[in-house]
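Engineer: This is a predicted model, with the sequence first.
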Amino acid sequence: MEAFTTLTGIAAPLPKANVDTDQIIPARFLKSISRTGFGKNLFANFRYKEDGSENPDFVLNQEPYRKAEILIAFENFGCGSSREHAPWALLDFGIRCVIAPDFADIFHNNSFKNGVLPVKLPREVCEQLMEDARMGGNARLTVDLERQVVVRPSGEEIPFQIDPLRRHLLLNGLDDIGQTLQHAPAIDSYEARQKAAQPWLHGG
Amino acid sequence: MSGQKPRTLFDKIWDAHVVDTLPDGTALLYIDLHLTHEVTTPQAFDGLRQAGRKLRRPDLTLGVIDHNIATDASRYTGIVDPESRLQVETLERNAAEFGMPLIPLLDDRQGIVHVIGPELGRSLPGMTIVCGDSHTSTHGAMGALAFGIGTSEVEHVLATQTLLQKPAKNMKVEVTGTLPFGCSGKDITLAIIGRIGTAGGTGHVIEYCGDTIRALDMAGRMTVSNMAIEGGARAGLIAPDQTTFDYIARTPNGPKGEALARAMEWWKTLPTDAGAQFDKVVTLNAHEIAPQVTWGTSPEDVLPITGVVPNPEEAADEARRAQLRRMVEYMGLTPGQKLQDLKIDVAFIGSCTNSRIEDIRAAAAIARGRRVADGVRALVVPGSGLVKKQAEAEGLDRILTEAGFEWREAGCSMCLGMNPDKLTPGQRSASTSNRNFEGRQGPGGRTHLLSPAMAAAAAIAGHLADVRDYQPKGSV
């Protein structure tokens, strides 16, 4: 996983609540067995018309948002299916940070594990940031994970909260399986205890 | 961890599975059962292979093929779609390489992952169960802590049999009173989501309780907990009781004899202690529930079948007005229109929400002696090969096919638009599945969620219909 430290880039406004993972990447595009290549179908039902041509009304088909690295949306972003293809599609398109008032739990987890930073900020702040984002290429936002601030084009800094463990893993690009395997002796002894107490869970 | 303080069902299962606690309070949680399917695992096995890691507990892992396969006879001659075939073959290859037990596609036990777990007796009370699928909450009806995970977490469980988790908050949803005529578990779960909203349970684990829930059979309970995720909760639990124990005793792979007796001793200690604290409590009176149907593109946009399409302009704020306008437009509706006047093109009875034998019986009871309306395509897709066999032994397939319903092979089918069973743009469906999102059943498709009996009634009427007007002719 690529580490996330500071990102300065174009932010795309998506003023919608309940952006579900079927919108982010429809199920018919989940048949790949790799982690990459999903970007072209990110928001496919909005980005393309029925004949496959681009829908010029959708924000990611407009300049400068084709190169957006930050997405700003409203409440309950990422609800629905557990598909990790949703953060994979965002990442493959080039989006490494989503700012919203809140996120659905599974999407929130999945994002961290792929170096996509979900930033929770109150709705009023998201509305202000959307106004910044509407200014296009002249109004880049900075998301500084080290200092836990979003910097507006005006220079105003907006602090955000984040789980310290997740921040640490993301700043260092760490895979958590390696970390968990350091607890292997504890897992071994748990299994031994459980097998004695609850043998039916272990085919006994 | 144990002892003095009264604990909830969730607290007890959680405490029993903490392997280790990290300095920041994150728990390393042991996983008793890991269910896998073809769509959310290929990248996880790839990760294991690249890191030279093994599958830690093949005996606690079970694979099945359900999401992307056809539900017609074509499965017997090989999967036609090359991408689907590659995904299925990849799961088969990974199962062989890592020693993971896999139920073959052409096996009676094959079916939707959330149907087969309980049915085979693999999903049991007090367990932690995960799967790379959000509807893993279904298994919570067994009294297990069951939740959906992403592919990175699938890889984590494959390698370590544990997950890193922060404890969730406790939420109680209590439903009391006798469920009215014409209603089922589906109407309860939709009414709850209508009340709490799609983010009402975020950060929480729901425990469903009250005498209405206790009176449900296991299939009804699974329908309720299946849609916990649609209310934003990762898991939805129901305390195990005699109904649960009787169900487990009938399963082929559940514990038997002395093992069962020993397990039951523990299971009986699981229900929430008197005085345990919940962070959030919601109560519903079952008397107030009428047969439910969704009208919009979020499961929270649900109404009694006697309702009319809402007027977006009457919503409280502009953001909501804009959202409702979009829904009305996408769904092809007119404000004030009666829901019962909405003509349907497709009725779908199936999915991990409603494809168990009890669901098929409910649909067949309405279908018996009637005909599917002209121009309506009606599909009945059993949740597993075992459900299919049972239905056929009871003659339900004959009742349904004589009424004009298609009788299909087991799978996820038209729930999610990733296999050949899809809506075409503009088609309207009466569907027993769990999500009515834009494009969920196929691009441009319009989904109305409802119960199996309501879906059968809609198929016969040719429009959304009140099941209370379509009562069984004779006994099934």
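Structural biologist: Good, I have the coordinates.

Engineer: Nearest to chain A: which residue in the stretch 251-400 of chain B?
Structural biologist: Proximity to chain A, evaluated over the stretch 251-400 of chain B using Cβ to the nearest Cβ, is greatest for residue B:255 at 4.0 Å. All C-beta spots, glycine's among them, are computed from the backbone N, C-alpha and C.

Engineer: That residue: which element?
Structural biologist: Assignment of secondary structure by DSSP states H and E places residue B:255 within no helix or strand.

Engineer: Next, count neighbours for it.
Structural biologist: Using other Cβ atoms under 10 Å in any protein chain shown, residue B:255 is surrounded by 22 other residues.

Engineer: isn't it right next to residue B:267, touching?
Structural biologist: No - the pair residue B:255 / residue B:267 is not scored as a contact, 10.3 Å apart, by Cβ atoms under 8 Å.

Engineer: any shared contact partners between these two?
Structural biologist: Between them, residue B:255 and residue B:267 share these contacting residues under Cβ atoms under 8 Å, 6 or more residues apart in numbering or on different chains: residue B:124.

Engineer: The residue of the stretch 251-400 of chain B closest to chain A - nearest residue in space that isn't next to it in sequence?
Structural biologist: residue A:200 (4.0 Å; Cβ to Cβ, 6 or more residues apart in numbering or on different chains).

Engineer: Let me see the contact set for the one you found.
Structural biologist: Applying Cβ under 8 Å, 6+ apart, the residues near residue A:200 are B:124, B:255, B:259-260, B:262-263.

Engineer: With secondary structure as added columns, please give those residues in JSON lines.
Structural biologist: Listed next are the contacts of residue A:200 as JSON lines, based on DSSP: H, G, I helix; E, B strand; the rest coil:
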{"residue": "B:124", "secondary structure": "coil"}
{"residue": "B:255", "secondary structure": "coil"}
{"residue": "B:259", "secondary structure": "helix"}
{"residue": "B:260", "secondary structure": "helix"}
{"residue": "B:262", "secondary structure": "helix"}
{"residue": "B:263", "secondary structure": "helix"}
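
Engineer: Widest-spaced pair of those?
Structural biologist: B:124 and B:262 (12.2 Å; Cβ to Cβ).

Engineer: Between these two, which is the more surrounded one?
Structural biologist: Using other Cβ under 10 Å as the criterion, residue B:124 and residue B:262 rank with residue B:124 on top: 28 against 16.

Engineer: so where is chain B shaky, pLDDT-wise?
Structural biologist: B:1-3, B:474-476 (pLDDT under 70).

Engineer: ok, now with 80
Structural biologist: For chain B, the stretches with pLDDT under 80 are B:1-4, B:473-476.

Engineer: got a list of what residue B:181 touches?
Structural biologist: Going by Cβ under 8 Å, 6+ apart, the list of residues near residue B:181 reads residue B:468.

Engineer: Report all helices and strands that the lengthiest helix in chain B contacts.
Structural biologist: Criterion DSSP state H: the longest helix present in chain B is helix B:82-98. Applying 3 or more Cβ pairs under 8 Å, 6 or more residues apart in numbering or on different chains; DSSP states H and E, we find helix B:82-98 packed against helix B:42-51, strand B:102-103.

Engineer: Those into TSV, with extra columns for mean neighbour count and distance to chain A?
Structural biologist: Converted to TSV, these look like this (neighbours: other Cβ atoms under 10 Å in any protein chain shown; distance: least, Cβ to the nearest Cβ, whole Å):
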stretch	mean neighbour count	distance to chain A
helix B:42-51	18	4
strand B:102-103	20	16
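
Engineer: Same list, those, but as TSV with distance to residue A:38 please.
Structural biologist: Listed next are the helices and strands packed on helix B:82-98 as TSV, based on distance: least, Cβ to Cβ, whole Å:
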stretch	distance to residue A:38
helix B:42-51	11
strand B:102-103	26
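
Engineer: Relative to residue B:336, which of those is closest?
Structural biologist: Using Cβ to Cβ, the nearest of those to residue B:336 is helix B:42-51, at 47.8 Å.

Engineer: After that closest one, which helix or strand is next? Please name it.
Structural biologist: Sequence-wise, the next helix or strand downstream of helix B:42-51 (DSSP H and E) is strand B:61-64.

Engineer: Neighbouring strands of that following strand in the sheet, and parallel or not?
Structural biologist: Paired neighbours of strand B:61-64 in the sheet (DSSP bridges): strand B:33-36 (parallel), strand B:102-103 (parallel).

Engineer: Kindly reformat the ones you listed as CSV containing distance to residue B:355.
Structural biologist: Shown next, in CSV, are these (distance: least, Cβ to Cβ, whole Å):
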stretch, distance to residue B:355
strand B:33-36, 16
strand B:102-103, 16
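
Engineer: name the helices or strands packed onto the longest strand along chain B?
Structural biologist: Ranked by residue count and defined by DSSP state E, the top strand of chain B is strand B:169-176. Contact analysis of strand B:169-176 by 3+ Cβ pairs under 8 Å, 6+ apart lists helix B:185-196, strand B:204-209, helix B:211-214, strand B:280-285 as its packing neighbours.

Engineer: Show me what the last one pairs with in its sheet, parallel or antiparallel.
Structural biologist: Under the criterion DSSP bridges, strand B:280-285 sits next to strand B:169-176 (parallel) in its sheet.

Engineer: Now the partner strand: buried residues?
Structural biologist: Buried residues in strand B:169-176, counted by 16 or more other Cβ atoms under 10 Å in any protein chain shown: B:170-175.

Engineer: Quick check: the farthest pair among those residues?
Structural biologist: B:170 and B:175 (16.8 Å).

Engineer: I'd like to know which of the strands paired with strand B:61-64 is closest to residue A:177.
Structural biologist: Across the strands paired with strand B:61-64, closest to residue A:177 is strand B:33-36 (Cβ to Cβ), at 14.4 Å.

Engineer: follow-up on the earlier one: quick check: neighbours shared by residue B:124 and residue B:262?
Structural biologist: Looking at what touches both residue B:124 and residue B:262 (by Cβ under 8 Å, 6+ apart), the common residues are A:200, B:255.

Engineer: Please save the CA atoms from the lowest-mean-pLDDT helix or strand in chain A in PDB.
Structural biologist: The least trusted helix or strand in chain A, going by mean pLDDT, DSSP states H and E, turns out to be helix A:176-181, with a mean of 89. The C-alpha trace of helix A:176-181 is given here as PDB (Å, rounded to 0.1, in the frame of the first residue of the first chain):
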ATOM      1  CA  ASP A 176      -1.700  -4.900   8.900                       C
ATOM      2  CA  ILE A 177      -1.400  -8.600   8.300                       C
ATOM      3  CA  GLY A 178       2.300  -8.300   9.100                       C
ATOM      4  CA  GLN A 179       1.500  -6.500  12.300                       C
ATOM      5  CA  THR A 180      -1.100  -9.100  13.300                       C
ATOM      6  CA  LEU A 181       1.300 -12.000  12.700                       C
END
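
Engineer: and that helix, what does it pack onto?
Structural biologist: Packed next to helix A:176-181, using 3+ Cβ pairs under 8 Å, 6+ apart, are helix B:151-160, strand B:162-165.

Engineer: Please identify the buried residues of it?
Structural biologist: Neighbour-count burial for helix A:176-181 flags A:176-177, A:179-181 (criterion: 16+ other Cβ under 10 Å).

Engineer: which residues touch it?
Structural biologist: For helix A:176-181, the surrounding residues in contact (Cβ under 8 Å, 6+ apart) are A:113, A:169, B:28, B:47, B:51, B:53, B:155-156, B:159-160, B:162, B:164.

Engineer: Then stretch B:155-166?
Structural biologist: Residues from elsewhere that reach stretch B:155-166 (Cβ under 8 Å, 6+ apart): A:163, A:176-177, A:180-181, A:183-184, A:187, A:191, B:19, B:22, B:25-31, B:34, B:43-45, B:47-48, B:51, B:53-57, B:60-61, B:98, B:130, B:149, B:153.
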